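In: Sequence first, predicted coordinates after that:
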Amino acid sequence: MTAEKVQPHHLARKAIVYVRQSSAHRVLHNPESRALQYAMRDRLAALGWSEVEVVDDDLGRSAAGGVARAGFERMVAEVCLGKVGAVAAREVSRFARNSRDWQQLIEMCRVVDTVLVDGEAVYAPRDGNDRLLLGLKCSLNEYELDLLRQRSLSARHAKAQRGQLVVAAPVGFVRDGDRLEKDPDRRVQEAIRLVFDKVAELGSARQALLWFHEHGLDLPTRRGGGEIAWRRPCYGRIHRRLTIRRFYCRRPDRPRRTFAERFPHPLRRYAHRTRRLSEAHARTGLARGGQPAARLLFHLAMPASVTTLLRAIRDLPLPSGTKPHVVGVDDWALRKGRTYGTIVIDLERRRPIDLLPDRSAATLAIWLRREPQIRIVARDRSTECARGATSGAPTAVQVADRWHLLLNTRQMIERWLARVHPRLKRLPPVVAPAPSIRRTHEARHRRGQHLPPPGEQQSGPDA
């Protein structure tokens, strides 16, 4: 079966080995997995390919769809140009763990007749059975990723409910298993103690901050890897150390051992992001869309996946709607060429307010009856819209919107020109006057003398 799927026209083009690991931690600590992926070059050589290219630009990048993958995009571009006879990976899950990227790759390989190769088999996307098998593998890979994520979150929540979850030790403490102990570094302890002493002495966090700046003293902070770094203090860092407290229960019979104060203003309960960051994600997602917003936020040092942006948008409170008085009604393609609905737009505020499931007059009339305050309905020339507007809002004025007015004007001009075009062609050509006669006429006209237009006889003795 493998020999039948690999044809000479496949071998005439180059093959690509796609190498990917989902995180920097795996790149550093799992070199054997990377070596097995590079070994796919030998499998392609055994199948008959002489030109094999390795694409390893996406090492340390997840295929779940949250980050941009330059290597994957370059590989798909090469496939689209018809330069690739086979794309190979150790497991097909290396290509993508989301349906969008996976289906894009499969469809492009089907169009240009490129086979997919993994450690077990060769798949021809033009074969219906292979395409079905690849679709099932994609669904299983995506489900496996979601299942692992759900198990991890459930374990974290269970540990947090028992009071044993320590995500990162705050500055001044170190982790000892599931417990927190004071940092043995005396300099760190003295710096934290100095913060509390200066706040108690000067009366406010801002005065303590100014004192630290005046004396050029730094405060400890923790980097991403857990190391202590000394940096210039800011107001937020001092304020958080003073306002958020964590308590430890010494009674062994209690199920929960640690208790932390809530910080309701910048954070919600169990939130992993501040309110400000969540709002920035939601606004960017609304303005740019899912995937473009994810790429933009990655360059702005606020990375977020497409699913995170969608969740942030769903968490936004609905705007306090005011009753519309001027609405526009038009068709809306739920699936272009297949399914159409009706979109209703508030023309005063220029925003969509509802999407009706079909284009029938009855559905539009029912919606308009729920909004008796509507005075003007802008619509196209559809009879269904006309009947729905007349039945649902009989007192409203029906007008054509600007786009349809321009469309109607253009169509009327085109019909008129098509009707009179034969007569326009029979008109005699317009002969322009000689340049010298026209200049003489214009000169005398400027001097106030009357000169008949060119082509007319002048009466009088000089005639």
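Out: Great, that's in hand. Residues are numbered from 1 along each chain as shown.
In: Grab the longest strand from this structure for me.
Out: strand 326-335 (DSSP state E).
In: Give the other helices and strands that it contacts.
Out: Helices and strands touching strand 326-335, as assessed by 3 or more Cβ pairs under 8 Å, 6 or more residues apart in numbering; DSSP states H and E, comprise strand 339-346, strand 376-379, helix 383-392. C-beta coordinates here come from the backbone N, C-alpha and C atoms, glycine included.
In: and Leu36, which of those is closest to it?
Out: Leu36 lies closest to strand 339-346 among these, at 46.3 Å (Cβ to Cβ).
In: May I see the buried residues of the closest one?
Out: Neighbour counts over strand 339-346 (16 or more other Cβ atoms under 10 Å) mark Gly341, Thr342, Ile343, Val344, Ile345, Asp346 as buried.
In: is it true that the fifth one touches Ile353?
Out: If I follow you right, that is Ile345. Yes: proximity of Ile345 to Ile353 meets the contact threshold set by Cβ atoms under 8 Å, at 6.7 Å.
In: overlap in contacts of these two?
Out: Val327 (Cβ atoms under 8 Å, 6 or more residues apart in numbering).
In: Helices of the stretch 351-463 of the chain, residue ranges please.
Out: 361-369, 383-392, 402-426, 435-447 (DSSP state H, counting those that start in this stretch).
In: In CSV, list these along with mean pLDDT and distance to Arg126.
Out: Listed next are the helices of the stretch 351-463 of the chain as CSV, based on pLDDT from 0 to 100; distance: least, Cβ to Cβ, whole Å:
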stretch, mean pLDDT, distance to Arg126
helix 361-369, 89, 43
helix 383-392, 87, 43
helix 402-426, 85, 43
helix 435-447, 61, 71
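In: Tabulate the ones you listed (a markdown table), appending mean neighbour count.
Out: Output for those, formatted as a markdown table (neighbours: other Cβ atoms under 10 Å):
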| stretch | mean neighbour count |
| --- | --- |
| helix 361-369 | 18 |
| helix 383-392 | 18 |
| helix 402-426 | 10 |
| helix 435-447 | 11 |
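In: now these as JSON lines including distance to Cys234?
Out: JSON lines is the format used below for the helices of the stretch 351-463 of the chain (distance: least, Cβ to Cβ, whole Å):
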{"stretch": "helix 361-369", "distance to Cys234": "53"}
{"stretch": "helix 383-392", "distance to Cys234": "58"}
{"stretch": "helix 402-426", "distance to Cys234": "52"}
{"stretch": "helix 435-447", "distance to Cys234": "78"}
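In: Arg295: which of these is closest?
Out: When those are compared by Cβ to Cβ, helix 402-426 sits nearest Arg295, at 32.0 Å.
In: for the closest one, packing partners?
Out: Under the contact rule (3+ Cβ pairs under 8 Å, 6+ apart), helix 402-426 is packed against no helix or strand.
In: count of residues packed around Leu202?
Out: Neighbour count for Leu202, taken as other Cβ atoms under 10 Å: 14.
In: Check Cys109 and give its pLDDT.
Out: Listed pLDDT for Cys109 reads 88.
In: Could you point out the longest helix of the chain?
Out: Longest helix in the chain by number of residues (criterion: DSSP state H): helix 128-161.
In: That one - what's its average pLDDT?
Out: Averaging pLDDT along helix 128-161 yields 80.
In: same thing with stretch 42-53?
Out: For stretch 42-53, mean pLDDT is 88.
In: what do you get for stretch 242-258?
Out: 64.
In: How much space separates Thr308 from Met75?
Out: 26 Å (Cβ to Cβ, to the nearest Å).
In: more neighbours, those two?
Out: Higher neighbour count among Thr308 and Met75: Met75, with 23 against 20, using other Cβ under 10 Å.
In: in terms of contact, does Ala65 touch Arg100 like I think?
Out: Small correction: residue 65 is Gly, not Ala. Yes: if you go by Cβ under 8 Å, Gly65 and Arg100 touch, sitting 6.5 Å apart.
In: Between the two, which has more neighbouring residues?
Out: Set Gly65 next to Arg100 and count neighbours by other Cβ under 10 Å: Gly65 wins out with 22 against 12.
In: List the residues that contact the more buried one.
Out: Contacts of Gly65 (Cβ under 8 Å, 6+ apart): Ala96, Arg97, Asn98, Arg100, Asp101, Ser305, Val306, Thr307.
In: could you redo the last one with a cut-off of 6 Å?
Out: Contact analysis of Gly65 by Cβ atoms under 6 Å, 6 or more residues apart in numbering lists Asn98, Val306.
In: Pull out the buried residues from the helix or strand containing Glu201.
Out: In this structure, Glu201 is located in helix 186-202 according to DSSP states H and E. By neighbour count on 16+ other Cβ under 10 Å, the buried set for helix 186-202 is Val188, Ala191, Ile192, Val195, Lys198, Val199.
In: List of residues touching it?
Out: By Cβ under 6 Å, 6+ apart, helix 186-202 touches Gly172, Ala205, Ala208, Trp211, Leu219, Pro220.
In: Could I get the average pLDDT for that helix?
Out: Rounded mean pLDDT across helix 186-202 is 86.
In: so how far is it off the chain centroid?
Out: On the basis of Cα atoms, centre = their mean, to the nearest Å, helix 186-202 sits 45 Å off its chain's mean C-alpha point.
In: Compare the helices of the stretch 351-463 of the chain and give me the one nearest Arg156.
Out: Closest to Arg156 of the helices of the stretch 351-463 of the chain is helix 361-369 (Cβ to Cβ; 45.0 Å).
In: Only the buried residues of the longest helix of the chain, if you could.
Out: Here helix 128-161 shows Asp130, Arg131, Leu134, Lys137, Cys138, Asn141, Glu142, Leu145 as buried, counting by 16+ other Cβ under 10 Å.
In: looking at it, the fifth one is touching Gln103, isn't it?
Out: No: in this structure, Cys138 sits apart from Gln103 without contact. The criterion is Cβ atoms under 6 Å, and the distance is 7.5 Å.
In: Dump the helices and strands packed on strand 326-335 to JSON lines, plus distance to Cys109.
Out: Below are the helices and strands packed on strand 326-335 laid out as JSON lines (distance: least, Cβ to Cβ, whole Å):
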{"stretch": "strand 339-346", "distance to Cys109": "29"}
{"stretch": "strand 376-379", "distance to Cys109": "46"}
{"stretch": "helix 383-392", "distance to Cys109": "43"}
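In: For the residue nearest to the spatial centre of the chain, give its distance to Leu297.
Out: Of all residues in the chain, the one closest to the mean position by Cα atoms, centre = their mean is Gly290, 1.9 Å from it. According to Cβ to Cβ, Gly290 stands 11 Å off from Leu297.
In: returning to that earlier point: now the buried residues of helix 186-202 as JSON lines including distance to Thr409?
Out: Formatted as JSON lines, these follow (distance: Cβ to Cβ, whole Å):
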{"residue": "Val188", "distance to Thr409": "76"}
{"residue": "Ala191", "distance to Thr409": "75"}
{"residue": "Ile192", "distance to Thr409": "75"}
{"residue": "Val195", "distance to Thr409": "73"}
{"residue": "Lys198", "distance to Thr409": "75"}
{"residue": "Val199", "distance to Thr409": "73"}
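In: what pLDDT does Asp183 get?
Out: pLDDT recorded at Asp183 is 81.
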